[in-house]
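A.B. asks: Kindly generate the corresponding structure for this input.
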Amino acid sequence: MLYAIVDIETTGSFASSNGITEIAIAIHDGKQVIHFYETLVNPQNPIPFFIQKLTGITNEMVAHAPSFAEVAGQVHELLQDKVFVAHNVNFDYSFLKYQMESAGYELTTRKLCTIRLARKIIPGYRSYGLGKLCHQLGINLTNHHRAGGDALATAELFSMLLEKDGEGVIAAMLKGRNSEQYLPPHVPVEEVERLPKQPGVYYFYNNPGKVVYVGKAKNLSRRVRSHFSNNKAGKQKQDFLRDIHRISYKECATDLMAHILESTEIRRLWPIYNRCQRGYLPKFGLFVYEDRQGYKRFAIEKNKHYFKPIHTFNTLIEGHNRLREMIGEFGLCARLCNLAKSADCSKGVFADSCTGECSALLHMDEYNNRVDKAVNWLQMQLPTFAFIDKGIAEDEQSCILVRKGNFYGMGYLKDGVLPDDLDQLQEQLEPMPDNDFIRNLVYKHAVNYPEKCVNF
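C.D. replies: Predicted structure coming up:
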């Protein structure tokens, strides 16, 4: 069996928007290097200054070098029918696969990652980065961060791993379509293998231990593996492969509970790789306040973090419709609800029916009493119910509670018994932040599965 030990230098961290500046390939027969290939490559776009400082490869050095398309045929011939080996293999492989396909060649070969191999065959070292690992093992690494120097050092490391592989780790890695080849190099395979095939939320951590991504799944094992099941050349995939060092999870009884927990955790942790939901907040709220004359007034305004609204709405029209309903039900003043500008409401939305009685003839206390009744009415209109479903264990049930229209929290009922008293039920649940996204999820499930709802 022949191995192609590869190292490349690039203009950036992901293949779809960056180019290769240098490539080296050492052909290894399982004992030693039998052929070595190395060339600079013109990436056909400028090399960033910090990468020039890191690698020593300047724009002037690659100005007259061949483009990748010009060397693609030779590279394809060297890689064909070999096992592709690299230190952090998915990075190098993703660049070469993308560049080869752009040049009209197909790259499909088995892969080995010397980071993952070293962690298994020679465990216990503080760092498995190429430079530090070579220093710890006494491997001669010259011209670090240049393709030739790193490829030859990786070849020496690979020879050492072949020699010390008494338990057949390399053979196991090459057997069939080993999913471990596609994992980030620093993630222990045991963390992936222990993931259950149940609903839940999973967390990706970077090297310092900070959560960088939160996701939800109907099947935790399948969903987490899907993040690494291909070799896409885009930024997010390569960021995952580079940054993820650990995975954890929280199992949930249902997909709905996983969805709720994911939304809550994204807002709590603000992971850098989560884009959706981070800014998802109800846009408008119904607020009540007193003016200088002492009259209580309603207003539909954009939601504010420092004022708690009576109720929230996704759209301004939705809020205005609810407010008009309250005006008609309790004889409120359109002007005092900020739906009319003039004192007699002649230019307001209720100009045809407004008599001016509410503001001109009613005493402040009487009018404010109407406002209080409207607030109580609105809160009575909002439902209080528990959404009951299966639990994780057979002797329990899951419960999601909505109280006065707002999501309260969720948890599991002991012995599957739902308390008759609302306060007792709340004691068994974990309170969680409310938002329109979660509320709409629960309402949708309540409509679709009314038999699972218990009203209070």
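
A.B. asks: Low-confidence stretches in the stretch 151-300 of the chain?
C.D. replies: Counting by pLDDT under 70, the stretch 151-300 of the chain contains low-confidence ranges at 176-179, 230-234, 236-237, 276-282.

A.B. asks: Do you have the strands of it handy? List them.
C.D. replies: Assigned by DSSP state E, counting those that start in this stretch, the stretch 151-300 of the chain shows strands spanning 200-205, 211-217, 246-251, 284-290, 296-302.

A.B. asks: Just send those back as TSV, with distance to Ile388 and mean neighbour count too.
C.D. replies: The way it works is simple: take the backbone N, C-alpha and C, and place the C-beta from them, glycine included. Output for the strands of the stretch 151-300 of the chain, formatted as TSV (distance: least, CB to CB, whole Å; neighbours: other CB atoms under 10 Å):
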stretch	distance to Ile388	mean neighbour count
strand 200-205	19	22
strand 211-217	21	22
strand 246-251	19	16
strand 284-290	30	17
strand 296-302	34	18
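
A.B. asks: Dump these into JSON lines; add distance to Met410 as well.
C.D. replies: Formatted as JSON lines, the strands of the stretch 151-300 of the chain follow (distance: least, CB to CB, whole Å):
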{"stretch": "strand 200-205", "distance to Met410": "13"}
{"stretch": "strand 211-217", "distance to Met410": "14"}
{"stretch": "strand 246-251", "distance to Met410": "12"}
{"stretch": "strand 284-290", "distance to Met410": "24"}
{"stretch": "strand 296-302", "distance to Met410": "29"}
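
A.B. asks: Out of these, which gets nearest to Lys390?
C.D. replies: Counting by CB to CB, Lys390 lies closest to strand 246-251 out of these; the figure is 12.7 Å.

A.B. asks: can you list contacts of that closest one?
C.D. replies: 186-188, 191-192, 195-196, 198-205, 209, 220, 224, 261, 392 (CB atoms under 8 Å, 6 or more residues apart in numbering).

A.B. asks: can you give me how far it is from the chain middle?
C.D. replies: Counting by CA atoms, centre = their mean, to the nearest Å, strand 246-251 is centred 13 Å from the centre of its parent chain.

A.B. asks: Can I get that strand in CSV? Just the C-alpha atoms.
C.D. replies: Provided in CSV are the C-alpha atoms of strand 246-251 (Å, rounded to 0.1, in the frame of the first residue of the first chain):
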residue,chain,number,x,y,z
ARG,A,246,-15.3,18.9,22.4
ILE,A,247,-19.0,17.9,22.1
SER,A,248,-21.6,17.6,24.8
TYR,A,249,-25.4,17.1,24.7
LYS,A,250,-28.6,17.3,26.7
GLU,A,251,-31.2,14.7,26.0
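
A.B. asks: Partner strands of that strand, with direction?
C.D. replies: strand 200-205 (antiparallel) (DSSP bridges).

A.B. asks: Now do the strand it pairs with: distance to the chain's middle.
C.D. replies: Strand 200-205 sits 9 Å away from the centroid of its parent chain (CA atoms, centre = their mean).

A.B. asks: Same question for stretch 142-152.
C.D. replies: Distance, centroid of stretch 142-152 to centroid of chain: 35 Å (CA atoms, centre = their mean).

A.B. asks: Please point out which parts of that stretch sit buried.
C.D. replies: 145-152 (16 or more other CB atoms under 10 Å).

A.B. asks: Over to Ala72: give its phi and psi.
C.D. replies: Dihedral pair for Ala72: phi -60, psi -40, per degrees, to the nearest 10.

A.B. asks: mind starting the numbering at 24 from now?
C.D. replies: Done: numbering now begins at 24, and the last item shifts to Ala95.

A.B. asks: do you know how far it is from Tyr26?
C.D. replies: Distance from Ala95 to Tyr26, counting by CB to CB, to the nearest Å: 20 Å.

A.B. asks: Arg298 is nearest to which of the strands of the stretch 174-323 of the chain?
C.D. replies: Counting by CB to CB, Arg298 lies closest to strand 234-240 out of the strands of the stretch 174-323 of the chain; the figure is 10.2 Å.

A.B. asks: one step back: sort out for me which of the contacts of strand 269-274 are in helices.
C.D. replies: If you go by DSSP state H, the contacts of strand 269-274 have 214-215, 243, 247, 284 in helices.

A.B. asks: which of those count as buried?
C.D. replies: Buried members of those, counted by 16+ other CB under 10 Å: 215, 243, 247, 284.

A.B. asks: Let me know the closest of these to Pro71.
C.D. replies: Proximity of those to Pro71 (CB to CB) peaks at Val247, which lies at 32.7 Å.

A.B. asks: wait, the closest one sits on Leu218?
C.D. replies: Yes - assessed by CB atoms under 8 Å, Val247 is found in contact with Leu218 at 5.6 Å.

A.B. asks: what's near enough to touch Gln122?
C.D. replies: Contacts for Gln122 were tallied using CB under 8 Å, 6+ apart; they are 38, 42-43, 91, 95.

A.B. asks: could you point out which element follows the host helix or strand of it?
C.D. replies: Using DSSP states H and E, Gln122 sits in helix 112-125. Sequence-wise, the next helix or strand downstream of helix 112-125 (DSSP H and E) is strand 134-136.

A.B. asks: What pairs with that next one, parallel or antiparallel?
C.D. replies: strand 106-109 (parallel).

A.B. asks: From the rest of the structure, what touches the partner strand?
C.D. replies: 24-30, 51, 115-116, 132-137, 177, 181, 197.

A.B. asks: Run the chain-centre distance for that strand.
C.D. replies: Worked out by CA atoms, centre = their mean, strand 106-109 lies 30 Å from the chain centre.

A.B. asks: Show me what counts as buried in stretch 24-43.
C.D. replies: 26-35, 37-38, 41-43.

A.B. asks: Stretch 154-164 now?
C.D. replies: For stretch 154-164, a neighbour-count test (16+ other CB under 10 Å) marks 156-157, 162, 164 as buried.

A.B. asks: before we move on, what about stretch 321-339?
C.D. replies: Neighbour counts over stretch 321-339 (16+ other CB under 10 Å) mark 321-323, 326, 332, 334-336 as buried.

A.B. asks: Quick check: the two most widely separated of those residues?
C.D. replies: The largest separation in the buried residues of stretch 321-339, counting by CB to CB, is between Phe321 and Asn326 at 15.0 Å.

A.B. asks: Of all the strands of the stretch 174-323 of the chain, which one comes closest to Phe72?
C.D. replies: The closest of the strands of the stretch 174-323 of the chain to Phe72 is strand 234-240. By CB to CB, the value is 26.7 Å.

A.B. asks: what comes into contact with the closest one?
C.D. replies: For strand 234-240, the external contacting residues (CB under 8 Å, 6+ apart) are 222-229, 246-247, 250, 263, 266-267, 278, 281-282, 284-285, 288-289, 292, 294-297.

A.B. asks: 6 Å instead?
C.D. replies: Outside strand 234-240, the residues that touch it by CB atoms under 6 Å, 6 or more residues apart in numbering are 224-229, 246, 266, 281-282, 285, 288-289, 292, 294-297.

A.B. asks: Please apply the same query to stretch 417-426.
C.D. replies: Residues from elsewhere that reach stretch 417-426, judged by CB under 6 Å, 6+ apart: 276-277, 407-412, 414, 431, 433, 435-436, 438-439, 452, 465.
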